[in-house]
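# Compute the structure for the input listed below.
(chains A and B)
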Amino acid sequence: MTAVYCAFCGKEEADGDHAFCRQRLSMIDPPRYCPECARRMVVQVTPDGWTARCSRHGETASAR
Amino acid sequence: MTAAPEQIDVLDEAREQVLERGVGLTEAQVLKVLELPEDRVPELLALAHEVRERWCGPEVEVEGIVSLKTGGCPEDCHFCSQSGQFPSPVRSAWLDIPGLVRAARQTRDTGATEFCIVAAVRGPDKRLLSQVRDGIKAIRADGNDIQIACSLGMLTQEQVDELVAMGVHRYNHNLETARSHFPQVVTTHSWEERWDTLRMIRDAGMEVCCGGIIGMGETLAQRAEFAVQLAELEPDEVPLNFLIPNPGTPYENYPVVEGAEALRTVGAFRLALPRTILRFAGGRELTFGDLGAKQGMLGGINAIIVGNYLTNLGRPAQQDLDMLEELSMPIKALSQTL
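Model (predicted):
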């Protein structure tokens, strides 16, 4: 899967600088936008992980 | 001859007043602490640590939290990505009972004694309370005896009584900030409404957990005001959060609180609240990084949330447990809390 969209801000990866987004995703944020279609995902954070569900592209989960 | 009040060093005062007698600092004294120059912060933290050891003991209370109902909240708390009034990317989600049981088990497996069930609501409706009741029963049926806390917004007396009957031993309801600053942070309900819920919780015999968020545009004087207002409430626990500027919220462009300022705040709150469980909560990862978390633990903190938060991620629980071991800080056992 190629990430077309930024999972933090939902904008195109090719559009602008996403260094801040990557920093947040590496530290304290689960993905909020589907990297394939930029739909907002339904995210559930649990004590040791997260799941993120896109209505079109299904569910992804953190590595536990 | 007695020294004039302005000549008395506030840390000398605190040593006699807080460390020796267990009397928290006044608002004016807390403000002086918050205004200490950076080169005196190590001295402040050392004193705050002594106070914590003297009046709370060496144990650290470990807690995990989970969001039972995420997003879609009707309130307009300006720091919160779960408000339905802002264009936040956080979507509504409900955690099912098996998911709640798993989350409680994950928390228990870290050695935590507290598991807090949280919902983004103004106050609980019948459906939410029913979900909490079923969830607690299922957690117990799973053989998990962890202490259960809840954070479900503002309560009626009837709802307080229901939570007591369910066996909820502690209730979290943050005042968030100083009374004088609250109207700049929330407009859909008042500081006083939150205070009323807190009094009902205390009167019903539940433990009171009440803290707030540092870095929401409050002045140092308002930070001191907040510390003393919390002390007046006499909460069992105070969770200290540092603002995470989340996208879509009115505070998304606010700066992250700097580490030295945050540590000064930790020390000052400990000197205002010598006997309270003072917990590191959300935002510490951004504000402190790894090094600062240790300094905070050696500067008055005696409790932490391990693992993830409600919508943001924390450090892996094991990383914090390793830190406590490195600091030779024992984790409070469940037997001590029952």
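
# For the residue of the stretch 51-200 of chain B found nearest chain A, give me phi and psi.
The nearest approach of the stretch 51-200 of chain B to chain A comes at residue B:89, 3.9 Å away (Cβ to the nearest Cβ). Glycine gets a C-beta too; all of them are placed from N, C-alpha and C. Main-chain torsions, residue B:89, degrees, to the nearest 10: phi -70, psi -10.

# who's in contact with the nearest residue to it once chain neighbours are set aside?
Leaving out its chain neighbours, the residue that sits closest to residue B:89 by Cβ to Cβ, 6 or more residues apart in numbering or on different chains is residue A:32, at 3.9 Å. The contact partners of residue A:32, by Cβ atoms under 8 Å, 6 or more residues apart in numbering or on different chains, come to A:7-8, A:10, A:40-41, A:43, A:52, B:89-90, B:247.

# mind redoing it with 7 Å?
A:7-8, A:40-41, A:43, B:89 (Cβ atoms under 7 Å, 6 or more residues apart in numbering or on different chains).

# and those residues, which of them are in strands?
Counting by DSSP state E, the contacts of residue A:32 place residue A:43 in strands.

# and of the contacts of residue A:32, the nearest to residue B:238?
residue A:43 (28.5 Å; Cβ to Cβ).

# Quick check, that closest one in contact with residue A:34.
No. The criterion here is Cβ atoms under 7 Å, and residue A:43 misses it with residue A:34 at 10.9 Å.

# Helices along the chain, start to end?
You didn't pick a chain, so chain A it is. In chain A, the segments counted as helices under DSSP state H are A:19-27.

# that's the other chain; I wanted chain B
B:10-14, B:27-34, B:41-56, B:97-109, B:126-141, B:157-166, B:182-185, B:191-203, B:220-233, B:259-272, B:284-297, B:317-326, B:334-337.

# packing partners for the first one?
Helix B:10-14 makes packing contacts with helix B:27-34, helix B:41-56 when contacts are defined by 3 or more Cβ pairs under 7 Å, 6 or more residues apart in numbering or on different chains; DSSP states H and E.

# got it, and the second one?
Contact partners of helix B:27-34 among helices and strands, from 3+ Cβ pairs under 7 Å, 6+ apart: helix B:10-14, helix B:220-233, helix B:259-272.

# could you dump the shortest one to PDB, C-alpha only?
Right, the one you point to is helix B:10-14. The C-alpha trace of helix B:10-14 is given here as PDB (Å, rounded to 0.1, in the frame of the first residue of the first chain):
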ATOM      1  CA  VAL B  10       9.900  30.800  49.900                       C
ATOM      2  CA  LEU B  11      11.800  27.500  49.800                       C
ATOM      3  CA  ASP B  12      13.000  28.100  53.400                       C
ATOM      4  CA  GLU B  13       9.400  28.800  54.300                       C
ATOM      5  CA  ALA B  14       8.200  25.700  52.500                       C
END
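
# centre of the chain versus it, how much separation?
25 Å (Cα atoms, centre = their mean, to the nearest Å).

# which outside residues touch it?
Residues outside helix B:10-14 that contact it (Cβ under 7 Å, 6+ apart) are B:25, B:29, B:32-33, B:43-44, B:47, B:271.

# of the residues you listed, closest to chain A?
residue B:44 (27.2 Å).

# Residue B:35 is in contact with the closest one, correct?
No. Using Cβ under 7 Å as the test, residue B:44 is too far from residue B:35 to be in contact (11.2 Å).

# which of these two has more neighbours?
residue B:44 (24 against 13; other Cβ atoms under 10 Å in any protein chain shown).

# how far away is the more buried one from residue B:137?
Distance, residue B:44 to residue B:137, by Cβ to Cβ, to the nearest Å: 46 Å.

# what bits of the chain have low per-residue confidence?
You didn't pick a chain, so chain A it is. Along chain A, segments meeting pLDDT under 70 span A:1, A:64.

# that's the other chain; I wanted chain B
The low-confidence ranges in chain B, as defined by pLDDT under 70, are B:1-6, B:290-291, B:335-338.

# Enumerate the residues of it near chain A.
Residues of chain B found near chain A (Cβ under 7 Å from any Cβ of the partner chain) are B:64, B:66-67, B:70, B:89, B:91, B:93, B:95, B:99, B:103, B:106-107, B:244, B:247, B:285-286, B:307-313, B:317.

# can we see that at 6 Å?
B:64, B:66, B:89, B:91, B:93, B:95, B:103, B:106-107, B:285, B:307-308, B:311-313 (Cβ under 6 Å from any Cβ of the partner chain).

# what two of those are the furthest from one another?
B:89 and B:107 (26.2 Å).

# Between those two, tell me which one has more neighbours.
residue B:107 (29 against 21).

# these two touch, right, that one and residue B:64?
Yes. Counting by Cβ atoms under 6 Å, residue B:107 touches residue B:64, with 3.0 Å between them.
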